[in-house]
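**Student:** what would the 3D arrangement of this be:
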Amino acid sequence: MDDGGAREVAVDGIETAVPSAAFASERDEATICYPIRGDLPLGDDDELLMIRKRRGLGADLYNGPGGKVEPGETPAEAAVRETREETGVDVGAVDKRGEFDFFFGDEHVFCCHVYVGREVSGVPEDTPEAFPEWRARRDVPYDEMWEDDVLWVPRVLDGDTIRGVFYFDDDGDDLLEYDVAAGVDGFD
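**Tutor:** Have a look, this model is predicted:
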């Protein structure tokens, strides 16, 4: 169906037109991986590996390890590599749980593929990129994370599959609008 160059998305219950170019197939891609100790849905005492970023985008915030997908690399391969590089921990398997598009102002910054890491081995070590630590689910520091994380991380830890689009201000500091859908199928 021809949508006239825009895609309708619901943001807080309000239909919003988003330029179709924003969802172009050629886009910068990134990953986030949450290695877990336990099974989904993750219980309050079960743990996930988080990092506090030392530098770059999201410095001083908590998140899962992750970063850019390199040329010739799949998002799943990038999730495994980035987890190892940022934490010293290996994940033997990753399970895709989410896919998000992020905008800072009118600029599509990247598409982020979210994974849960299983078959975890190794001991977390501080790296030039991050300070890693195991956190019980009940202790996830949402007030020290990206503003959008509270909208989807709990759902991923509950075992949901999520798609979303997040619109921040030009500097990426304030979340202005979003649309998140749970229970989606069709991840690669």
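
**Student:** contacts for the helix or strand encompassing Leu48?
**Tutor:** Assigned by DSSP states H and E, Leu48 belongs to strand 47-53. Strand 47-53 has contacts (C-beta atoms under 8 Å, 6 or more residues apart in numbering) with 34-38, 42, 59-65, 83, 86-87, 89, 117, 120, 124, 129-137, 140-141, 144, 157. Bear in mind the C-beta positions are built from the backbone N, C-alpha and C, glycine included.

**Student:** apply 7 Å and report the result again.
**Tutor:** Residues outside strand 47-53 that contact it (C-beta atoms under 7 Å, 6 or more residues apart in numbering): 34-38, 42, 59-65, 86-87, 89, 124, 129-137.

**Student:** restricting to C-alpha, output the longest helix seen in the chain in CSV.
**Tutor:** Looking across the chain with DSSP state H, the single longest helix is helix 75-87. The C-alpha coordinates for helix 75-87 follow below in CSV (Å, rounded to 0.1, in the frame of the first residue of the first chain):
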residue,chain,number,x,y,z
PRO,A,75,23.9,-8.3,14.8
ALA,A,76,24.1,-11.5,16.8
GLU,A,77,27.8,-11.8,16.2
ALA,A,78,28.3,-8.2,17.2
ALA,A,79,26.3,-8.8,20.4
VAL,A,80,28.7,-11.6,21.4
ARG,A,81,31.8,-9.7,20.4
GLU,A,82,30.8,-6.5,22.1
THR,A,83,29.9,-8.4,25.3
ARG,A,84,33.4,-10.0,25.4
GLU,A,85,35.2,-6.7,24.6
GLU,A,86,33.3,-4.6,27.2
THR,A,87,33.1,-7.1,30.0
